[in-house]
Structures are given as structure tokens and as C-alpha cells.
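# I'll drop the sequence and a predicted model, then ask my questions.
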Amino acid sequence: QVTLRESGPALVRPTQTLTLTCTFSGFSVSSSEIFVTWIRQPPGKTLEWLARVDWDGDTYYSTSLRTRLTISRDTSNNQVVLTMTNMDPADTATYYCARGIVTTNNLDSWGQGTLVTVSS
Amino acid sequence: DIQMTQSPSSLSASVGDRVTITCRASRSISTYLNWHQQKSGKAPKFLISAASTLQSGVPSRFRGSGSGTDFTLTISSLQPEDFATYYCQQTYSTSYTFGQGTRLEMK
């Protein structure tokens, strides 16, 4: 059974760096054709894709947020970490990690999400 | 980036009704179109891939169709558990753009 769970701070101050961890089970991020991705959803708004790390280590980033994001994987601990620098109140959102299939780009399993509020 | 536009943004319907949600891409995406269902306070659930392929466990009352720029999601006979927000998502490019969502509410 595939499961993903996001963890990180619930509250971040403006200008700080956010670090989120996605811990998963039921698959390996080094398994062929798998990727793990981060997506966020501001309250009452739609979903926005942020970043992706593939089974082979390749990474991809949102064009608009590229300069602020870093995604990395820890294959031994089944974790993927996302860092976002220079946080702003506009970054307040629920952050989800999800598993994807490289050949289809399908996001077939999602974590429950973690709400991050940016406020002083 | 490819823009995805859904209509309507909200829809009121009754149990047993047939409803259709439309999604339009800003340029052709072939059938690289997925649908997700999100219930209040929950993570999205993957419903349909490649415009029309139901995922395992998704009831047959859900139907996806379309190609190019125009796509539809039809629920043939609404059930109480179907009231949720539905998002289309393009998988043609890595930006994975989502539509703004269609909130399906009980009349």
C-alpha cells in the first residue's frame, strides 16, 4: 500500500525558509519510472504544482518559483524534502506531496497535506 | 504555461441528476488530461487519466471525454458521495497546470 505523509512547521515568519518533508512507504523513489512531487493549495484556491524529483535524481521546478525552491531525496529514509526560501504571506497554503508515474505524469497517490501559515 | 479553464465554477444539483463539467486548455494537449476529486478538507483523489480512463475503484457513472483543447467530465447519476470539487489537470507539460475547480453542491 502506497502512503505519503507531509511534515513541517505550521507557522513560518515572513522572509524565513520553509522546509517540508514527505515521508512515504510502499514504493522507493529510486524505483524506475517513479517521481515524487510537491503541490500546494492556498485556502479556497486551486492547486499549484511546485517541484518534482524523479527516480533517477532529475529535478524539475515551477517556472515562477524556481529561484526559491529546492527539492531533494533521501532514498535510504524514503523521504523527499522541499525547501522554499523567502516565505511571504501569499505562500500560506496546504502543501501536498504526491507520487507520480514518469511515463504518464499521473499523480496516483497523494499525502493528506500540511497547512503552512506565513505570518509575523 | 498551459492555462486550464473549467466551467462552471460551481454547480447545484440533486441526487440522481446527470451533470457535466467542462475543461478547456489554452492549447492542444492531446489527451494528456486528468481529473481529480477533492472533498472538503481532504487531499485530491485521482479519478480519470488520459482524458477517459477511470482509475481502479472509480464508479462507472463517471465518464471523461475529449481531446485537443476541450474536455468533459460527466457524472451520469449523482450519488451523495459525489458532492465535492473537481479539478482538471494537464499532464502535457511538467507545469501540471490545474483548472480553477468546479464545486458541485447539493441543491
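Thanks, I have the structure now.

# Could you look up the SS state of A:T37?
Under DSSP: H, G, I helix; E, B strand; the rest coil, A:T37 falls in the strand class.

# who's it bridged to?
A:T37 has these beta-bridge partners by DSSP bridges: A:R52, A:A98.

# Number of residues surrounding it?
Per other CB atoms under 10 Å in any protein chain shown, the neighbour tally for A:T37 reads 25. Where C-beta positions appear, they are placed from N, C-alpha and C, glycine not excepted.

# for chain A, what helix or strand is lowest in average pLDDT?
None of the helices or strands of chain A scores lower by mean pLDDT, DSSP states H and E than strand A:106-110, at a mean of 92.

# now for whatever helix or strand comes next after that strand, which elements pack on it?
Following strand A:106-110 in sequence order, the next helix or strand is strand A:114-118 (DSSP states H and E). In terms of contacts (3 or more CB pairs under 8 Å, 6 or more residues apart in numbering or on different chains; DSSP states H and E), strand A:114-118 is packed against strand A:11-12, strand A:18-25, strand A:93-101.

# got the angle for the last one vs strand A:114-118?
Relative orientation of strand A:93-101 with respect to strand A:114-118: 140 degrees, computed using axes from the mean of the first three to the mean of the last three CA atoms, to 10 degrees.

# Point out where chain A drops to low pLDDT.
Judged against pLDDT under 70, chain A has no low-scoring part.

# Enumerate the residues of it near chain B.
Where chain A comes near chain B, counting by CB under 8 Å from any CB of the partner chain, the residues are A:37, A:39, A:45-49, A:52, A:60, A:62-63, A:96, A:104-113.
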